[in-house]
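Q: Give me coordinates for this.
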Amino acid sequence: MAFTNPIALPSHGTQPALTLTRVSTGPNSSQFLDLANGTSLTIEHSKPSDLGVKSERHYLRYSQAKDVTLPSGAVVKQTASVSVAVSIPPHGWTTAEKQDLYYSAVVLMSDADFLPADLIGFAI
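A: So this is what the prediction gives:
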């Protein structure tokens, strides 16, 4: 099953609406970009049969680059990103259990009492 192309994301807070267009596809990965907003999405998958990989791994990285003015007055491009990695042993987990593990993390990250202030504020 492939992701739609392009991927449309609605605006949220300070983020504008985005249209992420697929710019590359490999056997186990894809990259999407919205050049107008400096935003990228990378999706990668690996299986236990891949060289050196001991578990099934699914990785998503969402990044945004922007010009930032430093205290010195210099303007530089900086990138912020959010990554999610799902890593599951090769045996003993059903598809439903894998999906439920992922959805539990999504629910936790969507909880207004948990993010963004606590996590980004270095709460432990």
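
Q: packing partners for the longest helix along the chain?
A: Taking DSSP state H as the criterion, the chain has its longest helix at helix 95-110. Here helix 95-110 touches strand 75-88, going by 3 or more C-beta pairs under 8 Å, 6 or more residues apart in numbering; DSSP states H and E. Yep, even glycine has a C-beta here, placed from its N, CA and C like the rest.

Q: so for the longest helix of the chain, what's the average pLDDT?
A: For helix 95-110, mean pLDDT is 87.

Q: Between strand 75-88 and it, find me the angle.
A: Interaxial angle of helix 95-110 relative to strand 75-88 (axes from the mean of the first three to the mean of the last three C-alpha atoms, to 10 degrees): 140 degrees.

Q: roughly how far out does helix 95-110 sit from the chain middle?
A: Relative to its chain's centre, helix 95-110 lies at 15 Å (C-alpha atoms, centre = their mean, to the nearest Å).

Q: Same question for stretch 43-51.
A: 17 Å.

Q: Which positions within that stretch qualify as buried?
A: Residues Ile43, Ser46 are the ones in stretch 43-51 that count as buried (16 or more other C-beta atoms under 10 Å).

Q: what residues does that stretch touch?
A: 3, 28-32, 53-60, 90 (C-beta atoms under 8 Å, 6 or more residues apart in numbering).

Q: Phi first, then psi, for Pro27.
A: Backbone torsions of Pro27, given as degrees, to the nearest 10, read phi -60, psi -30.

Q: Then the one 10 residues further on?
A: Geometry field for Asn37 lists phi and psi as phi -120, psi 10, criterion degrees, to the nearest 10.

Q: pretty sure it contacts Pro16?
A: Yes: here Asn37 reaches Pro16: they are 5.9 Å apart, a contact under C-beta atoms under 8 Å.

Q: So the two - more neighbours on which side?
A: Each of Asn37 and Pro16 has its neighbours counted (other C-beta atoms under 10 Å); Asn37 has more, 17 against 12.

Q: ok, the more buried one to Ala65 distance?
A: 9 Å (C-beta to C-beta, to the nearest Å).
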